[in-house]
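*Asks:* Any chance you can model this:
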Amino acid sequence: MNIKARCLPQGCKNATFSEECGPEPFTGSNNDCCHCCVAKYGREAVCKGVIEGPDKHCHCYKERV
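*Replies:* You can find the predicted model right below:
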């Protein structure tokens, strides 16, 4: 994916897990993961994307309402 721009620099105030994105294991960076989440679910539905767990899954987070 190799996107240089920082994805969602505001981040989350009160994050909750939403969805997964991309291949497993996810081979990109946390920034690539975030861009994957935004591309798949939309900027309004995502506040953070981060690679987590021993299986290196890209997890997408949204603001808890």
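*Asks:* Chain neighbours aside, what residue packs nearest to the residue nearest in space to the middle of the chain?
*Replies:* Centroid-nearest residue in the chain, with CA atoms, centre = their mean: Gly49, separated by 1.7 Å. Nearest residue to Gly49, sequence neighbours excluded (CB to CB, 6 or more residues apart in numbering): Cys34, at 3.4 Å. The C-beta positions use only the backbone N, C-alpha and C, and glycine is treated the same way.
*Asks:* Give me the helices and strands touching the host helix or strand of that neighbour, please.
*Replies:* Using DSSP states H and E, Cys34 falls within helix 30-41. On a contact count with 3 or more CB pairs under 8 Å, 6 or more residues apart in numbering; DSSP states H and E, helix 30-41 meets strand 15-21, strand 48-52, strand 57-63.
*Asks:* how about those strands, which one is nearest Ala5?
*Replies:* Shortest distance between Ala5 and the helices and strands packed on helix 30-41, using CB to CB, is found for strand 48-52: 13.4 Å.
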